[in-house]
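> need the 3D shape of this:
(2 chains)
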Amino acid sequence: AQSVTQLGSHVSVSEGALVLLRCNYSSSVPPYLFWYVQYPNQGLQLLLKYTSAATLVKGINGFEAEFKKSETSFHLTKPSAHMSDAAEYFCAVSDRAASGNTPLVFGKGTRLSVIA
Amino acid sequence: DSGVTQTPKHLITATGQRVTLRCSPRSGDLSVYWYQQSLDQGLQFLIQYYNGEERAKGNILERFSAQQFPDLHSELNLSSLELGDSALYFCASSVLGQGALNEQFFGPGTRLTVL
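Numbers count the residues shown, from 1 in each chain, chains lettered A, B, ... in the order given. Got it, this is the predicted structure:
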């Protein structure tokens, strides 16, 4: 079964500093990979997705993620943190091998705090 | 706004009761997914419907059931509620397209509190 590990349940950065949120997946076949963001009392919003077109994926709000097959990783980065980036971030995978849409398997989430 | 709507936004009920959560997918989306988000279990997949038929089942309790209607809206029924069922319940939808990119769009969720 697919699984996702997000290292660090809480990450704190200063405003303007680099944001790095880690995600590792376990799958024999590279899956589809996603990062979602959840602001307080809101639903999940898709930040970016990896589907194999390019290993460096750019998303919304200045975020990007790099797929590294050799490391089975899909870490999320942003060069300069903004106060509005404070939220919960979820890495998710879905099965590429199966035909049709499949449910997402989520990591446990990383809460990002941005300090002024 | 993802285009997925969920009602009600909040629900407070007592143990042993039954509730129904409703979800309307984005226009044109045929797949509906239900997820449960709780502090101890995180975000867990419950069940998926595609065009009215059950497609996949996750960690859904026997006390829970769901269905998707001809107009594609879906309902999640939770019965014999227990304190541990208190959680945020999300609905998501996606279109079954070529390549199955599987981008899922999430609703705002229904927060269920069981007292």
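
> tell me which element the spatially most central residue of chain B falls in.
Centroid check for chain B by Cα atoms, centre = their mean gives B:Trp34 as the closest residue, at 2.9 Å. Element membership for B:Trp34, per DSSP states H and E: strand B:31-38.

> ok so, going back, which strand residues bridge the residue nearest to the centre of chain B?
B:Ile47, B:Cys91 (DSSP bridges).

> and the gap between it and A:Ser70?
B:Trp34 sits 35 Å away from A:Ser70, taking Cβ to Cβ, to the nearest Å as the criterion. Heads up, the C-betas are built off the backbone N, CA and C, glycines and all.

> also B:Tyr35?
B:Tyr35 is 31 Å from A:Ser70, by Cβ to Cβ.

> of those two, which one has the most company?
Neighbour totals were compared for B:Tyr35 and A:Ser70, and B:Tyr35 leads with 26 against 5 (other Cβ atoms under 10 Å in any protein chain shown).

> quick one: contacts for the residue nearest to the centre of chain B?
B:23, B:45-48, B:60, B:66, B:74, B:76, B:89-91 (Cβ atoms under 8 Å, 6 or more residues apart in numbering or on different chains).

> same deal with B:Gly16?
The contact partners of B:Gly16, by Cβ under 8 Å, 6+ apart, come to B:80-81.

> against B:Arg63, how distant is it?
11 Å.

> overlap in contacts, these two.
With Cβ under 8 Å, 6+ apart as the test, B:Gly16 and B:Arg63 both reach B:80-81.

> check what pLDDT the residue nearest the centre of chain A gets.
Using Cα atoms, centre = their mean, the residue of chain A that lies closest to the mean C-alpha position is A:Trp35, 3.3 Å off. Note for A:Trp35: predicted pLDDT of 96.

> just give the closest residue to it, not the sequence neighbours.
A:Leu47 (4.3 Å; Cβ to Cβ, 6 or more residues apart in numbering or on different chains).

> is it true that the one you found touches A:Gly62?
No: contact criterion Cβ atoms under 8 Å: A:Leu47 and A:Gly62 do not qualify, at 10.0 Å.

> who in chain A is up against chain B?
A:32, A:34, A:36, A:42-46, A:49, A:51, A:90, A:94, A:99-109 (Cβ under 8 Å from any Cβ of the partner chain).

> what about the strands in the chain?
The chain I'm using is chain A. Remark: strands assigned in chain A by DSSP state E are A:3-5, A:10-14, A:19-21, A:24-26, A:32-38, A:44-50, A:56-58, A:64-68, A:73-78, A:87-94, A:105-106, A:110-115.

> nope, chain B please
Under DSSP E, chain B gives strands at B:5-7, B:10-13, B:19-24, B:31-38, B:42-50, B:53-57, B:64-68, B:74-78, B:87-94, B:105-106, B:110-114.

> quick one: low-confidence ranges for chain B?
Scanning chain B with the threshold set as pLDDT under 70 gives B:96-102.

> thank you kindly, that will do.
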